[in-house]
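Visitor: With the sequence up front, the predicted model follows.
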Amino acid sequence: MPDTTLVGPRLADFEAARARISAVVNTTPMESSRFLGDVLGAPVYLKCENLQRTGSYKIRGAYNRLFLLSDEEKARGVVAASAGNHAQGVALAARELGIKATIFMPLGVPLPKLQATRDYGADVVLRGHTVDEPLRAAAEFAAETGAVFIHPFDHTDVVTGQGTMGLDILDQRPDVETVVVPIGGGGLISGVASAIKQRAALDGRTVRVIGVQAANAAAYPPSLAQGSPTEITILPTIADGIAVSRPGLLNFEIISDVVDEVVTVSEDETAQALLVLIERAKLVVEPAGAVGVAAILAGRIQATGTTVAILSGGNIDPLVMERVISHGLAASERYLKLRIPLPDRPGQLARVSAIVAECNANVVEVLHTRHNGGLQISQVELELHIETRGPEHADQVLAALRAEDFEPRVDF
């Protein structure tokens, strides 16, 4: 007998949605990670939704939502607002179902995301500099034209579509005990957690579901503490795909009921996670999709059994990737930026270079200037960017410079 106290979709809804979307949605790989397993002290698997069509899980919820529109609604077309993944999911779903789609995107949207959305056949309108402005424009467009507004997370059909990934996880790793999921508005985790909890209950067992938010955009911890969706001020974050200032109403209800814990990770931790995924797993993941791995690396996840971390998307602008990798190297102390005051006389740069070379570190950039404030007339400042092998090697370089009476300052 179904649980009448359950909030949101039932298990049968998730199963029907999985059959419905199977024509366009791939069952993405589940890859083991020995490195993360050693960090956690338990087997870790990566659910590679970054390899999904459109580069993220969003196609699941978008296709399910559009498929279930009435013929009259489909004829009116759909409209959405997004800076990336939701836009591509709606655009592809609309193309597959023969529905006209209009997507409002901010002016600064990365070119790869803009071009992909257009390539899927949507009409793209650029408006404003934040996602809030395209959202308002999309709502106005819906009111004026009758197009159906497709919310990115706060709708039953979207939640049900996203939750199909939970069924995939249980089929691919029947022994799973903990699932780690990125959270923005809550559409993904509310669906995944609900589907997993209901399916696991049939087998008489429990599976923990832990959500992860970027610390600079973490609306769920205060909302859960207060017992209702609470709006926060978002600070700058590289995990822009989960930067949502207020939880969805339906999502919050489901998460309050079935998610075991929500933790947060910093910008540095997220950047380091991207670096680990590239180097160790050979996977390209966007910052929002890597926060689960960041939580494992940072020790926020406690688990003794098989753990699955969802990589929710891989749509990262190459220019952003370059900056994030540099940030991750610096956060891992594998990239040192040093400022060293020197006497203004010949040979000083050669001395410093020789010391760094003797430590087997690699200088990648040099700036030599007399014009920085705080320098004496007889001094210059040397700025060095150095690649190292990690914290111990970085300390070795600094110690060698200090042993020769230089005074390097680490500049972050």
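Guide: Cool, the structure landed.
Visitor: Pull the residues that contact stretch 90-98.
Guide: 23-24, 53-54, 58-59, 62-63, 65-67, 74, 78, 80, 82, 99-101, 103, 116-118, 120-122, 150 (C-beta atoms under 8 Å, 6 or more residues apart in numbering). In this view, the C-beta of every residue, glycine as well, is placed from N, C-alpha and C.
Visitor: if we go to 7 Å?
Guide: Defining contact as C-beta atoms under 7 Å, 6 or more residues apart in numbering, one finds that stretch 90-98 is touched by 24, 53-54, 59, 62-63, 66-67, 74, 78, 80, 100-101, 103, 117, 120-122, 150.
Visitor: now, which of those lie within helices?
Guide: I59, A62, Y63, L66, F67, K74, T117 (DSSP state H).
Visitor: correct me, but the fourth one touches V78?
Guide: Yes. Under the contact definition of C-beta atoms under 7 Å, L66 touches V78, with a separation of 6.4 Å.
Visitor: hey, what's in contact with both of the two?
Guide: Common contacts of L66 and V78 (C-beta under 7 Å, 6+ apart): A94, I99.
Visitor: circling back: can the ones in helices among the contacts of stretch 90-98 go into CSV with extra columns for pLDDT?
Guide: As requested, those are exported to CSV (pLDDT from 0 to 100):
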residue, pLDDT
I59, 98
A62, 98
Y63, 98
L66, 98
F67, 98
K74, 98
T117, 95
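Visitor: What is the nearest of those to E231?
Guide: Distances from E231 to the ones in helices among the contacts of stretch 90-98, taken as C-beta to C-beta, are shortest for A62 (25.0 Å).
Visitor: residue contacts, that closest one?
Guide: Residues near A62 by C-beta under 7 Å, 6+ apart: G89, V90, A93, I150.
Visitor: Can you tell me how far the closest residue to it other than its chain neighbours is from A303?
Guide: Nearest residue to A62, sequence neighbours excluded (C-beta to C-beta, 6 or more residues apart in numbering): G89, at 3.7 Å. G89 sits at a distance of 30 Å from A303 (criterion: C-beta to C-beta, to the nearest Å).
Visitor: quick one: which of the two has more around it?
Guide: Just comparing G89 and A303: by other C-beta atoms under 10 Å the higher neighbour count belongs to G89, 32 against 18.
Visitor: for the helix or strand containing the more buried one, what is the average pLDDT?
Guide: Element membership for G89 (DSSP states H and E) is helix 85-97. Throughout helix 85-97, pLDDT has a mean value of 97.
Visitor: Output that helix as PDB - backbone C-alpha positions only.
Guide: The C-alpha trace of helix 85-97 is given here as PDB (Å, rounded to 0.1, in the frame of the first residue of the first chain):
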ATOM      1  CA  ASN A  85      22.400  23.600 -18.200                       C
ATOM      2  CA  HIS A  86      18.600  24.100 -17.800                       C
ATOM      3  CA  ALA A  87      18.600  26.000 -21.100                       C
ATOM      4  CA  GLN A  88      20.300  23.200 -23.000                       C
ATOM      5  CA  GLY A  89      18.000  20.600 -21.400                       C
ATOM      6  CA  VAL A  90      14.800  22.400 -22.300                       C
ATOM      7  CA  ALA A  91      16.200  23.200 -25.800                       C
ATOM      8  CA  LEU A  92      17.000  19.500 -26.600                       C
ATOM      9  CA  ALA A  93      13.800  18.200 -25.100                       C
ATOM     10  CA  ALA A  94      11.700  20.700 -27.100                       C
ATOM     11  CA  ARG A  95      13.500  19.700 -30.300                       C
ATOM     12  CA  GLU A  96      12.900  16.000 -29.700                       C
ATOM     13  CA  LEU A  97       9.200  16.600 -29.000                       C
END
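Visitor: So what's the gap between it and the chain middle?
Guide: Helix 85-97 sits 20 Å away from the centroid of its parent chain (C-alpha atoms, centre = their mean, to the nearest Å).
Visitor: P134 touches V109, doesn't it?
Guide: No. Counting by C-beta under 7 Å, V109 is not a contact partner of P134; they are 9.1 Å apart.
Visitor: Using the record's domain definitions, break the chain down for me.
Guide: Annotated domains of the chain cover 11-57+158-329, 58-149, 333-410 [automatic domain parsing].
Visitor: Adding distance to T5, write those out as TSV.
Guide: Formatted as TSV, those follow (distance: least, C-beta to C-beta, whole Å):
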stretch	distance to T5
domain 11-57+158-329	9
domain 58-149	24
domain 333-410	50
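Visitor: Return the member of the ones you listed having the minimum mean pLDDT.
Guide: domain 333-410 (a mean of 85).
Visitor: Now the terminal residues of that domain, how far apart.
Guide: End-to-end distance for domain 333-410, by C-alpha to C-alpha, to the nearest Å: 10 Å.
Visitor: Comparing P134 and V109, which shows the higher neighbour count?
Guide: The neighbour comparison of P134 against V109 (other C-beta under 10 Å) goes to P134, with 26 against 21.
Visitor: which element is the more buried one on?
Guide: Going by DSSP H and E, P134 is in helix 132-145.
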